[in-house]
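*Asks:* Could you work out the structure for the sequence below:
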Amino acid sequence: MRNSLLVFSLLLVGVPVVVQTQGKHAGEAAKISAEVSFLSPAGTTRTDAQGITYQSGGWSYTEPKIYPQPYWGSFPLYFVGQAMRFQVRLSNTAVKGEKPFRVRVQALNRVLETNGALGMEIGPMKEWIVEDLRPGESSMREFSIDIVPDPNLPSGLDVTKVRILHENQGSADAGLIKEEIAVWCPPALKDSPKR
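*Replies:* Numbering: from 1, shown residues only. Down below sits the predicted model:
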């Protein structure tokens, strides 16, 4: 199984990293890195030109749903009715200086359509503020998304989109400096093994 630690400053499981800058926040983009670790997956989902294979213990299920090639690979598997738990590690990689960053991190969770587009929302957006992230410092936060049994939740891949915004002190303004995705998967309720 491929290492489930997804380093956002590199390529994510074959998915190109997206970096966007806005306004006067462009200089901070290179100084902030983020990593996501999926915690306690129930199994593995593999995707390729043939479709999807879900595996957990002795259980296996295949379906002919094919995604664009950047989404081929091995991903953490969580079942409908479980919580998908993950950690985000945020680091200020500046090697010198005293300027701390006040950073807002958002995690949005969506179904990934077979054309690569983001589909329906899975659970509410998570958001937190990291105060005074100084050069060389890191902050680790843990979140979970309840995968509520929903007959409309399709099987296949899903994404957690992580948005990192730099907040100006004394202002409501927050500049988007990075937006990246991590890929994971729950199979549809009808395809899940009986628990």
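
*Asks:* quick one: buried residues of stretch 112-126?
*Replies:* 112, 119, 122-123, 126 (16 or more other CB atoms under 10 Å). Heads up, the C-betas are built off the backbone N, CA and C, glycines and all.

*Asks:* Just the CA trace of that stretch, in CSV.
*Replies:* Only the C-alpha atoms of stretch 112-126 are listed here, as CSV (Å, rounded to 0.1, in the frame of the first residue of the first chain):
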residue,chain,number,x,y,z
LEU,A,112,-14.8,13.3,-7.1
GLU,A,113,-16.7,12.9,-10.4
THR,A,114,-15.3,10.5,-13.0
ASN,A,115,-14.3,13.5,-15.2
GLY,A,116,-12.1,14.9,-12.4
ALA,A,117,-14.6,17.6,-11.4
LEU,A,118,-15.7,18.1,-7.7
GLY,A,119,-19.2,16.9,-7.0
MET,A,120,-21.6,16.9,-4.0
GLU,A,121,-20.4,17.9,-0.6
ILE,A,122,-19.6,15.3,2.1
GLY,A,123,-20.2,16.8,5.5
PRO,A,124,-19.6,20.4,6.5
MET,A,125,-16.4,22.4,5.8
LYS,A,126,-13.9,22.3,8.7
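
*Asks:* Pull the distance from it to the chain's centre.
*Replies:* 11 Å (CA atoms, centre = their mean, to the nearest Å).

*Asks:* Repeat that for stretch 123-133.
*Replies:* 14 Å.

*Asks:* contact partners of it?
*Replies:* 32, 90-92, 100-109, 139, 141, 143, 145-148, 167 (CB atoms under 8 Å, 6 or more residues apart in numbering).

*Asks:* Nearest to residue 83 among the buried residues of stretch 112-126?
*Replies:* residue 123 (9.5 Å; CB to CB).

*Asks:* Okay, and the beta partners of the closest residue to the closest one other than its chain neighbours?
*Replies:* Excluding its sequence neighbours, the residue lying closest to residue 123 (CB to CB, 6 or more residues apart in numbering) is residue 145, at 4.4 Å. On the basis of DSSP bridges, residue 145 is bridged to residue 84.

*Asks:* and residue 145, how many neighbours does it have?
*Replies:* 21 (other CB atoms under 10 Å).
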